[in-house]
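# any chance you could fold what I've pasted below:
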Amino acid sequence: MRYSVFDLQVEDIMWFGIDTNKMIFVCTSAGCANVPEFVCESREINEQICDFFMNKLKGSTTEILETNYENNVLINDAVKLSQKGVFCFDAVIDDVVHANEYVRISSPSVPLCFEELPDSIKSVIKNHVVNVDITATKYLHVSHAY
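Numbering: from 1, shown residues only. Got it, this is the predicted structure:
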């Protein structure tokens, strides 16, 4: 089932992408940041990808926190994912300059590369490429699906 415009406005959607250097990153939309078409195409595929990274992939490195998120549940997920090699971004809120964008909140000490993923995940995430060098950007902008 496809994510609708309404879904994007009321759900904090977690989605994964690949940068131009084949590094893995995750974004959480908070109901306000842009969500790309490749995510909106299938809720089931997005949930399958999230389940793999959140529950099946094992940690192998340490995280680098890049923001202060005291008392925020999201920081626990960001730490967990960065310990698995994933760069983590959250929706920018209350910033006119970066409206609808994402800001990096944590990074892995050793990034996870697309080639390291199992074939079953590579086949579903291979088209989730965003034209950005995730290691060199603090703010991420993606085109909105709608």
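# what about the residue nearest in space to the middle of the chain, which SS state?
Centroid-nearest residue in the chain: Val26, 1.4 Å away (criterion: C-alpha atoms, centre = their mean). Assigned by DSSP: H, G, I helix; E, B strand; the rest coil, the conformation of Val26 is strand.
# beta partners of it?
When assigned by DSSP bridges, Val26 has beta-bridge partners Phe16, Cys88.
# look at it and report its pLDDT.
pLDDT for Val26: 98.
# how close does it sit to Val97?
Distance, Val26 to Val97, using C-beta to C-beta, to the nearest Å: 23 Å. Bear in mind the C-beta positions are built from the backbone N, C-alpha and C, glycine included.
# then Val35?
In terms of C-beta to C-beta, Val35 sits 20 Å off from Val97.
# with Asp133 instead?
21 Å.
# chain center to the helix or strand of the chain with the lowest mean pLDDT, what's the gap?
In the chain, no helix or strand scores lower on mean pLDDT, DSSP states H and E than helix 73-82, which sits at a mean of 88. Distance of helix 73-82 from its chain centroid, counting by C-alpha atoms, centre = their mean, to the nearest Å, is 11 Å.
# give me the helices and strands touching that helix, please.
If you count contacts as 3 or more C-beta pairs under 8 Å, 6 or more residues apart in numbering; DSSP states H and E, helix 73-82 packs onto strand 24-28, strand 63-65, strand 87-91, strand 102-108.
# swap the cut-off to 10 Å and go again
For helix 73-82, the packing partners by 3 or more C-beta pairs under 10 Å, 6 or more residues apart in numbering; DSSP states H and E come out as strand 14-18, strand 24-28, strand 63-65, strand 87-91, strand 102-108.
# sorry, back to before: of Val35 and Val97, who's got more company?
Val35 (24 against 7; other C-beta atoms under 10 Å).
# residues in contact with the more buried one?
3, 7-8, 11, 13, 15, 27, 29, 46, 91, 100, 142-146 (C-beta atoms under 10 Å, 6 or more residues apart in numbering).
# now swap in Cys113 and tell me
Contact analysis of Cys113 by C-beta under 10 Å, 6+ apart lists Ile18, Asn21, Lys22, Met23, Ile24, Gly85.
# counting neighbours, which of those residues comes out on top?
In the contacts of Cys113, the most neighbours by other C-beta under 10 Å go to Ile24, 26 neighbours.
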